[in-house]
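Chemist: just a sequence and a predicted model for now, questions to come.
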Amino acid sequence: MRLTLFINPEHRPGDPLDVRLAEHVEQVTTARAAGYDGVAIGSHLPYGSAAWLPPFQTLTHLAPAAAGMSLSTCVLVLPHHHPLHVAADGAFLDAVSGGRFTLGVAAGWARDEFALLGIDRRERVGRFTESLDLITRLWSQDRVSFHGTYYRVDDGALALRPVQRPRPPIWLGGSAIRSVERAAELADTAIGDTWVASSHLAESVIVDQAQAFRARLGVLGKPQPADFPLLRNIVVAEDRSTAIREAAPYLQASYQVFDQWGLFNDVVGDPTAPNGVDELLAGRVIIGSPENCAEDLVRLARATGFTRLVARVQWMGMQQQVVCRTITLLAHEVLPMVEQELGRQP
């Protein structure tokens, strides 16, 4: 099983960003020394109650510390960006990483963000699919003509091309069964495309969605992906009570922002989740001792077949020493137990 470190780009307004960026460099350095395979980052607009770091620029900043590791967006809200810019920025990161870039994308969900950008939220799926089509053509074809509803290119060529051929792989995000099935329809699994689950959804939902993704691939006659990432919230400490005490306030602060954006009403369908620590943690956070976390990951691996853990280990305001402890314990103590158990008959 491979480990990818999810860099938390979400910080409190007014935080010293030079300090936060230096902490992220330390996190990547720690992960690389511990044997992590990759670094990933999410994206939202930096407005209101959370300052989100820009994904492409942040990955470029972290690239020297991540030498030899893959770099991924997990995920970029694609309708927020023009596909020509995404294609060029992705090609640049592929060169920076030595051909190890993965573009993770989703259609987005936050109503306020689309309103701020002047984009009709009802257009998000159409913009998403058009953008994805155009980006993959720009990466893999010498010249492109594209006449869509939202984007148009007349005999264009992307001069800044990715290192990977025919193109970098794509992780397709989705938080509902239809979006998971769409990911299977859009993915070219033969060259590394796959679906990546949302960290906000409870374990039981993730299991159902993984089954739906694999089933849809089977109907379409597509091969199962060789790399199957799973994005999960995870906190490892000496015991569960310590992990909850040290992490719960920051998890709550982060999810209060998401709740204000409509995550639990509009996307998750669980409006009571932010009401208390137990409700918030239930099924969406792997938390506790190394043994506790290994047990949860083994159960998830057997139920979903995931091969890569994209570990989100930090939330807004969390202390750096707590973050780095989880990074280290996950690699040195949790992962060996998981691999040993998965090597046995279930």
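Modeler: Cool, the structure landed. Residues are numbered from 1 along each chain as shown.

Chemist: ok, the nearest residue to residue 110 once chain neighbours are set aside - how many residues close by?
Modeler: Distances taken as CB to CB, 6 or more residues apart in numbering put residue 261 closest to residue 110, at 4.5 Å, once the chain neighbours are dropped. C-beta: built from backbone N, CA, C; applies to glycine. A count of neighbours around residue 261, defined by other CB atoms under 10 Å, yields 20.

Chemist: what pairs with whichever strand or helix holds residue 146, and is each one parallel or antiparallel?
Modeler: In the assignment (DSSP states H and E), residue 146 maps to strand 144-147. Looking at strand 144-147 with DSSP bridges, its partner strands are strand 152-156 (antiparallel).

Chemist: any idea which helix or strand in this structure has the lowest mean pLDDT?
Modeler: Counting by mean pLDDT, DSSP states H and E, the weakest-scoring helix or strand in the chain turns out to be helix 277-281, with a mean of 85.

Chemist: can you dump the C-alpha coordinates of that one into CSV?
Modeler: Output in CSV follows, covering the C-alpha atoms of helix 277-281 (Å, rounded to 0.1, in the frame of the first residue of the first chain):
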residue,chain,number,x,y,z
VAL,A,277,-17.5,15.4,18.4
ASP,A,278,-18.9,11.9,18.3
GLU,A,279,-21.2,12.7,15.4
LEU,A,280,-18.4,14.5,13.4
LEU,A,281,-15.9,11.7,13.9
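
Chemist: which other helices and strands contact it?
Modeler: Judged by 3 or more CB pairs under 8 Å, 6 or more residues apart in numbering; DSSP states H and E, helix 277-281 is in contact with helix 240-260.

Chemist: buried residues in the helix it packs on?
Modeler: Going by neighbour count (16 or more other CB atoms under 10 Å), the buried part of helix 240-260 is 240, 243-244, 246-248, 250-255, 257-259.

Chemist: chain center to it, what's the gap?
Modeler: Put simply, helix 240-260 sits 19 Å off its chain's centre (CA atoms, centre = their mean, to the nearest Å).

Chemist: neighbouring contacts of it?
Modeler: 10, 48-50, 200, 233, 235-237, 263-264, 273-274, 277, 280-281, 285, 287-289, 292, 314-319, 322 (CB atoms under 8 Å, 6 or more residues apart in numbering).

Chemist: same thing but 6 Å
Modeler: Around helix 240-260, the neighbours that count as contacts under CB atoms under 6 Å, 6 or more residues apart in numbering are 49-50, 235, 237, 274, 277, 280, 287-288, 292, 315-318, 322.
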